[in-house]
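Peer 1: Any chance you can model this:
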Amino acid sequence: MNRQSGIEGVILEEMTELTLADVCRACTAHAESIIELVDEGIITPLGDAPQRWVFTGVHLRRARVVLRLQSDLGVNRAGAALAVQLLEEIDALRTRLQALEGM
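Peer 2: Okay, here's the model as predicted:
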């Protein structure tokens, strides 16, 4: 019997629309935790109330990293937000460097 194991996943793009419930499920977090991230400006969904918020894959990625830094390393919310910002800047610089190397 030949079994192949693989990894399944979903690619979330910037255009993906997620609800608060979707983000909570994906982050395995309570709504209060996500609402705190919004209140702090760490993620900025569209919409004027939690039940009407629309998140993107970028918001989900940021929320997951911040929540993980908090739970795994005990980093406070401000520190986690700064770490996410710096990680995103590093990614942007790597992308620019790869584009320059390809010239």
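Peer 1: I figured Leu37 was touching Val66, is that so?
Peer 2: Yes - shown here, Leu37 and Val66 form a contact pair, counting by C-beta atoms under 8 Å, at 6.2 Å. For glycine as for every other residue, the C-beta is placed from the backbone atoms N, C-alpha and C.
Peer 1: okay, and the common contacts of these two?
Peer 2: By C-beta atoms under 8 Å, 6 or more residues apart in numbering, Leu37 and Val66 have these common neighbours: Arg77.
Peer 1: which one's the longest helix in the protein?
Peer 2: helix 77-101 (DSSP state H).
Peer 1: List the buried residues of it.
Peer 2: By 16 or more other C-beta atoms under 10 Å, the buried positions in helix 77-101 come out as 77, 80-81, 84.
Peer 1: Now flag whichever of these is closest to Arg94.
Peer 2: Val84 (15.7 Å; C-beta to C-beta).
Peer 1: per-residue confidence at the closest one?
Peer 2: As predicted, Val84 sits at a pLDDT of 94.
Peer 1: ok, now how distant is it from Ala49?
Peer 2: 25 Å (C-beta to C-beta, to the nearest Å).
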